[in-house]
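# The following comprises the amino acid sequence and a computationally predicted model.
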Amino acid sequence: MSGTASTAQTPTVAIVILNWGVTDCLKPCLEAVLAQRTRARLHVLVVDNESSAESREQILGLLDTALPDRHAVAWLGLLAIDENRGFAAGMNAGIQMLESRFRPDWFWLLNNDAAPAPKALSNLLAVASEAPRAGMIGSRIEGEALGRGHPVYGGFRYNPATTRIKPCLHPDDRPDYLAGAAMLLRAEMLRQVGNLSEDYFLYCEELELARRAQAHGWQLAHAPESRVRHASGSTIAARSPLPGRTSDWAREYFENRSALRFTMQYHARWLPLVLVIRCLVKLARGLTGRGRFGAFLAAARDFRHAGKWTHENTAPPQLVWSKRLD
């Protein structure tokens, strides 16, 4: 496989699947990805955050057995990271490795709990072919918690004054940002604006990237016929990323921290109002037993610090296994 971009007739799509601990979710995701019906050439990389010998063995077993007889996969790989660096840094590690090896036309970023339908990718690429300035293209997400039983078309609307998000529940809705569980990103866009911001460990990474892309003239789009099933929140529900804290506390902490940091970065004039609104809402929920006010207070203390979640003394990501299939 050459290191140059492919022709328009046969696009190269680099697929990054981010895994952290829960390989039960990964199996249906990986099977669905490898079964994509597409003319594109696929390079598929599983990134294993906080990788262990046990998780690598399980993932290698899946990679060895999940490939169907007919497929469009040219390359498979497993990238191991010895600590949990969060969503943005984990995805970026995969993007950087695949960019250096294959220089693809597209990057398809998937959570390990997302299972695309067989023609999900081909429908995304069909929309992309008609929209040359679309840098980020989303799918119809089924099972998204915020959809409350309804499919989410592409992503969400965002209110900067309140930080409230509203799912796009109609195909004609225009999202402000895409659902991070499944995003097709134009490689040309990433080369211009940069990868996901690693100041965000969890939540708001896709919102921040969308804002940066739009500032450079790129557009968001979605493909209503591209269906992806998302077991929303299953990874963090199974395990907390913060030692000594419950999964619910960690989810509350990172949601508050990321929302406050995004507000400070892009809507600083709204920050005092956002702090007051969030404080009152979290306090009210805490009084009714439905919230964790301490998580909000910790986030309000920490959000101003630019949190790069990679420690200097840790090993760089390692490509522990790969296989050419073309």
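Cool, the structure landed. Residues are numbered from 1 along each chain as shown.
# Can you list phi and psi of G138 for me?
The phi/psi pair for G138 (degrees, to the nearest 10) reads phi -110, psi 170.
# residues near it, how many?
By the measure other CB atoms under 10 Å, the count of residues near G138 is 31. (Glycine included, C-beta is placed from N, CA and C.)
# hey, what's it bridged with?
Going by DSSP bridges, G138 is paired in beta bridges with M183, H222.
# Please report the distance of it from T10.
23 Å (CB to CB, to the nearest Å).
# what do you get for R41?
In this view, R41 and T10 are 6 Å apart by CB to CB.
# more crowded one of the two?
R41 (20 against 11).
# Was I right to think that one contacts V13?
Yes. Between R41 and V13 there is a contact under CB atoms under 8 Å: 7.2 Å.
# Where does pLDDT dip in the stretch 101-250 of the chain?
For the stretch 101-250 of the chain, the stretches with pLDDT under 70 are 233-234, 237.
# show me where it has helices.
Ranges of helices in the stretch 101-250 of the chain, per DSSP state H, counting those that start in this stretch, are 120-129, 187-193, 205-215, 234-238, 247-266.
# Out of those helices, flag the one nearest V228.
Comparing the helices of the stretch 101-250 of the chain by their distance to V228 (CB to CB), the top pick is helix 120-129, with 5.7 Å.
# Does Q214 touch L220 like I think?
Yes. The criterion here is CB under 8 Å, and Q214 meets it with L220 at 7.3 Å.
# Could you check which of those two is surrounded by more residues?
The neighbour count for Q214 versus L220, taken as other CB under 10 Å, is higher for L220 (21 against 16).
# who's in contact with that one?
When contacts are counted by CB atoms under 8 Å, 6 or more residues apart in numbering, L220 touches 134-138, 154-155, 174-178, 210, 213-214.
# from those, which is closest to R292?
Of the contacts of L220, the one sitting nearest to R292 (CB to CB) turns out to be Y177, at 25.1 Å.
# can I assume the closest one is in contact with Q214?
No. Assessed by CB under 8 Å, Y177 is found out of contact with Q214, at 9.4 Å.
# what ranges do the strands span in the stretch 1-150 of the chain?
12-19, 41-48, 73-80, 106-111, 114-116, 134-142 (DSSP state E, counting those that start in this stretch).
# contacting residues around stretch 138-149?
116, 120, 123-124, 151-156, 165, 167, 169, 171, 175, 178-179, 181-184, 220-233.
# buried sites along that stretch?
For stretch 138-149, the neighbour count (16 or more other CB atoms under 10 Å) marks G138, S139, R140, I141, E142, G143, E144, G147 as buried.
# Take these and lay them out in CSV including distance to L280.
What follows is the buried residues of stretch 138-149, written out as CSV (distance: CB to CB, whole Å):
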residue, distance to L280
G138, 32
S139, 35
R140, 35
I141, 31
E142, 34
G143, 31
E144, 27
G147, 26
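# Buried ones only from the contacts of stretch 138-149, please, as a PyMOL command.
To isolate the buried ones among the contacts of stretch 138-149 in PyMOL, judged by 16+ other CB under 10 Å, type:
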select buried, resi 116+120+123+124+151+152+153+154+155+156+165+167+175+178+179+181+182+183+184+220+221+222+223+224+225+226+227+228+229+230+231+232
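# Can you flag which of the contacts of stretch 138-149 belong to strands?
116, 152-153, 155-156, 165, 167, 178, 182-184, 220-230 (DSSP state E).
# Among the contacts of L220, which one sits closest to G244?
Nearest to G244 among the contacts of L220, with distances taken as CB to CB, is Y177, at 31.5 Å.
# how near is that closest one to S52?
33 Å.
# repeat for I95
23 Å.
# quick one, which of those two is more surrounded?
The neighbour comparison of I95 against S52 (other CB under 10 Å) goes to I95, with 22 against 12.
# Tell me if I'm right that that one and N195 touch.
Yes. Between I95 and N195 there is a contact at 5.6 Å, judged by CB under 8 Å.
# Could you chop the chain up by domain?
Domain segmentation of the chain under automatic domain parsing yields 12-236+310-316, 241-302.
# that older thread, let me have the helices of the stretch 101-250 of the chain in CSV, extended by distance to W108.
Output for the helices of the stretch 101-250 of the chain, formatted as CSV (distance: least, CB to CB, whole Å):
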stretch, distance to W108
helix 120-129, 6
helix 187-193, 11
helix 205-215, 14
helix 234-238, 18
helix 247-266, 23
